[in-house]
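Trainee: show me the folded form of this:
(chains A and B)
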Amino acid sequence: MSDPAAQGVEVADRRFPTEAKYFMAIGVFFALIATIYLIFSDGEWIGVSLLYAAVIVALVCAWFMTTRVQGAQADVELYEEGEGDQTVYLPTRSHWPFLLALGTVVTANGFSVGMWLFVPGVIVFLYALAGFIREGRDRA
Amino acid sequence: MTATREVPPTGVEAQPLVEEPAAPERRLSGFLRWTTSTDHKDVGLSYMITAFVFFLAAGCLALLMRAELADPGQEMVGPGTFNELFTMHGSIMLLVFLSPFAFGIANYCVPLMIGARDMAFPRINLLSYWIYLGGGLSMVFGFVTADGAADFGWFAYTPLSDSVRSPGLGAELWLVGVALLGISGILSALNIVVTVFTMRTRGMTMFRMPILVWNFVVVSVMVLLVFPVLTAAAAMLWTDRNLGSVVYDATAGGQPIIWQHLFWFFGHPEVYILVLPYFGVVTEVFAVFSRRPVYGYKGLVFATCSIGALSLGVWAHHMYATGAVLLPFFGVMTMLIAVPTGVKMFNWLGTMWLGRVRFSTAMTFAIGFLAVFVIGGVTGVILASPALDFHLTDSYFVVAHFHYVLSGGAVFGVFAAIYYWWPKWFGKKLHEGWGHVHFWLNFIGFNLTFFVQFILGLEGMPRRVADYTEASGFRPLNVVSSIGAAVLGVSVLPFLWNAYRTWRRGEPAGDDPWDGQTLEWATSSPPPIGNFPEGLPPVRSERPLWDLKYPDRKATTGADPAARKATR
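Mentor: So this is what the prediction gives:
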């Protein structure tokens, strides 16, 4: 990617990308209502905890967007001649997700139905998980 | 074409370069395509078709209930079975039909609308579909267990749902299903957020994305905040039932009301999770079939975000009658939601205003959505008032209210989406005449079924009862409601026939049958793997395809009628 400024395109201040601002707004808003709720609800701790947990989640996301994804889409206004030849691999078919889901579902049902379902479920789950990960690693 | 995509212009980290071997690009078919294709369009269709089958099943449960309620006395099912019916009807409609159908639309349309080649995590996408199907089936399999399916309502209040009062495998399977659906939803939502944030094409800034994509961002973030709460709550209930923990057990120092808080902290945002995607759908439909840009784009986006944010602060309005919640806080917060929702109403009306409206089936469903959703929304404000809610809670008024929001609102949105995007999904247009038959049967049947339930609720008929006495005077309106339900049931038949006849002998629709504005119409129907083999039009506004087709009609959303007329 060439320098945006060199192409005469005005690039907005990307210190806080829109994605980060979005989560910041959520965090600030929940902090506000969580505090109001904390003061007036007379110790209803479930709601208070959940609201503050939402604040934390939102702020962690905002922080991540600000620091790690800062450059993402920075030159979104740029059009360059010719398409880039950089490509990433996206698998179009894989049987591991199906098997992994099968393992997950059978295991989860096994918790309630019994060992005869649980044990095969765990076996399928572990086999599929290994396959799923190996597939990704081999292709990366 | 190979199954690769451009690296979005990120500065994050260099992706490894991998040359795809020249794999044949033919699509899989049948069972293999269903189980192994990670193409976002295949996964999206799987989601939607599966969800629609569950919709038909849950609709049959509703018809059974209406048949039982048509007349005093027990004809069809006993009270126990009736409990199973309404529990499973609610659980399937909310958790296994509406939100997965929305995820299906998201899977299909979000990458196309932002100009991406696939979702960010294609394999996890397929994984979440199969976990969803497994979770849904786990829940439904309760019907074939010895004690029947779960029968404690879709909200599963403790202590009713503990192991003493609701023993049996059906209840267990319901919990397992809820946990699995929660996991699936979280994975899907994560996928959508990452896709939208990192894979937009050049020029597609956040504030040029179609409204539908914005709505899915809001919905996905809400899912990420509240689905874990539900899954955790279900897991704790499971341990209470099976391992002897006492989280919800009042006799051993636990608190049953914790469940209500946790459940509704999920449950109320869930309502918006269900309906916001369809807000997005009708926004797209209004804009395209009025040949207008969306009126007040930014206002609409901020309204959607406000609805999403406020919805997390209103959970206890479902708990007024417990007497243990802060009434003024939840009353005010709930009423506040009406403000951004009202803003959206005016955005939609403003989009149609001075537009060149075409009454296609999709547009008709979207307008039907607008009509019934206003009724659902206004009765919601009535219920938000604690003084009124104490009288109306657990009555048929509430049943009518949430059916107007979810069955009227969201399901009309589902059909608007189906008629609008069917040409993109399958390359053929559904027949418009049969579509209108479908719409009018649906609209009349729906209002006949549910409007009288407002009156029944005001007269005092309680929810979740299998029977009522002749002396109560509820009979005439119940008969009307049941007739309406029959019409509603019949209304699906023209749609199924329409789908069948389109499949057999529909005319090819072409790439852009509706004169669309957004990027999904810029590729072939159905799009190939990789989506945009011919490249994308430059994205300079929120309707790039329109700019390409009509470069001289610059978008304006201003109030000047002359300027607005010139743009359509």
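Trainee: remind me what the strand or helix carrying A:Val60 packs against, helices and strands.
Mentor: A:Val60 is part of helix A:45-67 when elements are defined by DSSP states H and E. Here helix A:45-67 touches helix A:18-40, helix B:211-242, helix B:256-290, going by 3 or more CB pairs under 8 Å, 6 or more residues apart in numbering or on different chains; DSSP states H and E. C-beta: built from backbone N, CA, C; applies to glycine.
Trainee: in CSV: these, plus mean pLDDT.
Mentor: Formatted as CSV, those follow (pLDDT from 0 to 100):
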stretch, mean pLDDT
helix A:18-40, 92
helix B:211-242, 94
helix B:256-290, 95
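Trainee: tell me which of these is the most buried.
Mentor: helix B:256-290 (a mean of 25; mean count of other CB atoms under 10 Å in any protein chain shown).
Trainee: close to chain A, is it?
Mentor: Yes - if you take CB under 8 Å from any CB of the partner chain as the test, helix B:256-290 does meet chain A, through B:Ile258, B:His261, B:Leu262, B:Phe265.
Trainee: distance between the helix or strand just after that helix and the chain's centre?
Mentor: Toward the C-terminus, helix B:256-290 is succeeded by helix B:297-311 as the next helix or strand (DSSP H and E). A distance of 17 Å separates the centroid of the chain from that of helix B:297-311, by CA atoms, centre = their mean, to the nearest Å.
Trainee: which parts of the stretch 251-400 of chain B sit against chain A?
Mentor: Applying CB under 8 Å from any CB, we find that the stretch 251-400 of chain B lies next to chain A at B:258, B:261-262, B:265, B:305, B:309, B:312-313, B:315-316, B:324-326, B:328-329, B:333.
Trainee: farthest pair within the residues you listed?
Mentor: Farthest pair in these (CB to CB) is B:Cys305 and B:Ala324. Separation: 30.7 Å.
Trainee: looking at the two, which is more packed in?
Mentor: Neighbour totals were compared for B:Cys305 and B:Ala324, and B:Cys305 leads with 20 against 13 (other CB atoms under 10 Å in any protein chain shown).
Trainee: the more buried one reaches B:Val218, doesn't it?
Mentor: Yes - with contact defined as CB atoms under 8 Å, B:Cys305 counts as touching B:Val218 (5.8 Å).
Trainee: mind showing which ranges of chain A have poor pLDDT?
Mentor: In the predicted model, chain A carries pLDDT under 70 at residues A:1-14, A:69-91, A:138-140.
Trainee: could you list the domains of it?
Mentor: The record, using automatic domain parsing to delimit domains, assigns chain A the ranges A:5-67, A:96-139.
Trainee: I'd like those as CSV, with distance to B:Val414 appended.
Mentor: Shown next, in CSV, are these (distance: least, CB to CB, whole Å):
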stretch, distance to B:Val414
domain A:5-67, 27
domain A:96-139, 25
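Trainee: and of these, who's closest to B:Trp521?
Mentor: Using CB to CB, those put domain A:5-67 closest to B:Trp521, at 25.2 Å.
Trainee: list the contacts of the residue of the stretch 351-500 of chain B found nearest chain A.
Mentor: Proximity to chain A, evaluated over the stretch 351-500 of chain B using CB to the nearest CB, is greatest for B:Pro386 at 14.8 Å. Contact analysis of B:Pro386 by CB atoms under 8 Å, 6 or more residues apart in numbering or on different chains lists B:Tyr320, B:Leu327, B:Phe330, B:Gly331.
Trainee: what about the longest helix in chain A?
Mentor: Longest helix of chain A, by residue count under DSSP state H: helix A:115-139.
Trainee: give me the helices and strands touching that one, please.
Mentor: Judged by 3+ CB pairs under 8 Å, 6+ apart, helix A:115-139 is in contact with helix A:96-113, helix B:122-140.
Trainee: do the last one and chain A come into contact?
Mentor: Yes - in this structure, helix B:122-140 sits against chain A according to CB under 8 Å from any CB; the contacting residues are B:122-127, B:129-131, B:133-135, B:137-138.
Trainee: need the residues of helix B:256-290 next to chain A in JSON lines with distance to B:Ser290, can you?
Mentor: Below are those laid out as JSON lines (distance: CB to CB, whole Å):
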{"residue": "B:Ile258", "distance to B:Ser290": "48"}
{"residue": "B:His261", "distance to B:Ser290": "43"}
{"residue": "B:Leu262", "distance to B:Ser290": "43"}
{"residue": "B:Phe265", "distance to B:Ser290": "38"}
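Trainee: and which of these is nearest B:Phe207?
Mentor: Closest to B:Phe207, out of all of the residues of helix B:256-290 next to chain A and judged by CB to CB, is B:Phe265, at 30.5 Å.
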